[in-house]
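Undergrad: Could you work out the structure for the sequence below:
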Amino acid sequence: MLAGHAAPAAAQASGPSVTIEALSDDRHRGLSWSDGDPALRAAASVPVADGLSLEGAATTLWGGPRHGGADAAVDLGATFARQLGGWRLSAEGRYHLFPGASHQGYGEFGATAGFMLGPASLDLSAHYAPRQSAIGGDLLYLSAGASAAIPGTALTLSGHVGRSAGDTRDPVRAARLRPGGDYWDHGVALDWYRGRWSAGLRYADTDIAMADSAHAGATLVGRVGIAF
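TA: Residues are numbered from 1 along each chain as shown. Okay, here's the model as predicted:
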């Protein structure tokens, strides 16, 4: 989850699921949403039809300045997925709400194509947030990644590289998700799965210039979670 790629098949649930996690930092596309502070996250997924799931998540932000001093981030959306041979294709829509702050919410949609080869997977994805005043323009995020279960262990190794770009209409608001303009992010993660429990350690970084890099530079992020 922290690497931004599909969890191992064994960790995917066919029925309703709830996950609770403690994070040392809430990072998205290389940017901290919790101002570098620890966060708690709860997420739920409910299948409603063949391939279609409704999803929601809430994460504590403790008044983080990136989203106007919001107390939390709440994500609501749906995902439709299909397995075609070795390919897993999915499309999703999300709306991000920020309780405790005004005029911060924005929506985006995306698609992912993943190819499974034994214990490994390769993923290509694109996410787009249309022009919205809350983010000072629009935003396109393209990413590529890979993950592989380590044979004989409960560990999964993954990594990704992504590019955030967009049209800027309001530089102040656009800096919220693209500080200093368009940028690259990358990360490597090692995750452990055992029954309902999981834990992970992730390295994350961006190429954002030092002057704009508040909570966007190289860091290690730890997490522990339980799924129901």
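
Undergrad: Count the neighbours of the nearest residue to A211 once chain neighbours are set aside for me.
TA: Distance criterion C-beta to C-beta, 6 or more residues apart in numbering; nearest residue to A211, sequence neighbours excluded, is G180 at 7.2 Å. Where C-beta positions appear, they are placed from N, C-alpha and C, glycine not excepted. The number of residues packed near G180 is 15, by other C-beta atoms under 10 Å.

Undergrad: which ones are touching Q83?
TA: Counting by C-beta atoms under 8 Å, 6 or more residues apart in numbering, Q83 touches L89.

Undergrad: From F115, how far out is it?
TA: Per C-beta to C-beta, to the nearest Å, Q83 is found 11 Å from F115.

Undergrad: Ok, L220 next?
TA: 29 Å.

Undergrad: Please say which of the two ends up with more neighbours.
TA: Remark: of L220 and F115, F115 carries more neighbours, 14 against 10, as counted by other C-beta under 10 Å.

Undergrad: Test my guess that the more buried one contacts W87.
TA: Yes. Between F115 and W87 there is a contact under C-beta atoms under 8 Å: 5.6 Å.

Undergrad: Describe which strands the longest strand along the chain pairs with in its sheet and in which direction.
TA: Longest strand of the chain, by residue count under DSSP state E: strand 70-84. In the sheet, strand 70-84 lines up against strand 52-64 (antiparallel), strand 87-97 (antiparallel) (DSSP bridges).

Undergrad: And it, how far out from the chain middle?
TA: Centroid separation for strand 70-84 versus its chain: 10 Å, with C-alpha atoms, centre = their mean, to the nearest Å.

Undergrad: in that strand, what counts as buried?
TA: By 16 or more other C-beta atoms under 10 Å, the buried positions in strand 70-84 come out as 70, 72-73, 77-79, 81.

Undergrad: re the thing from before, distance of the residue nearest to A211 relative to M210?
TA: Using C-beta to C-beta, G180 is found at 9 Å from M210.

Undergrad: coming back round to it: restricting to C-alpha, output the longest strand of the chain in PDB.
TA: The C-alpha coordinates for strand 70-84 follow below in PDB (Å, rounded to 0.1, in the frame of the first residue of the first chain):
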ATOM      1  CA  ALA A  70      -7.000  19.900   8.100                       C
ATOM      2  CA  ASP A  71      -7.400  17.500  11.000                       C
ATOM      3  CA  ALA A  72      -7.900  14.500   8.700                       C
ATOM      4  CA  ALA A  73      -8.000  13.300   5.100                       C
ATOM      5  CA  VAL A  74     -11.000  11.300   4.100                       C
ATOM      6  CA  ASP A  75     -11.000   9.500   0.700                       C
ATOM      7  CA  LEU A  76     -14.200   8.200  -0.800                       C
ATOM      8  CA  GLY A  77     -14.500   6.300  -4.100                       C
ATOM      9  CA  ALA A  78     -15.000   3.200  -6.100                       C
ATOM     10  CA  THR A  79     -12.800   0.700  -8.000                       C
ATOM     11  CA  PHE A  80     -13.700  -1.600 -10.900                       C
ATOM     12  CA  ALA A  81     -11.300  -4.400 -11.700                       C
ATOM     13  CA  ARG A  82     -11.100  -7.200 -14.200                       C
ATOM     14  CA  GLN A  83      -8.600 -10.100 -14.600                       C
ATOM     15  CA  LEU A  84      -7.800 -10.900 -18.200                       C
END
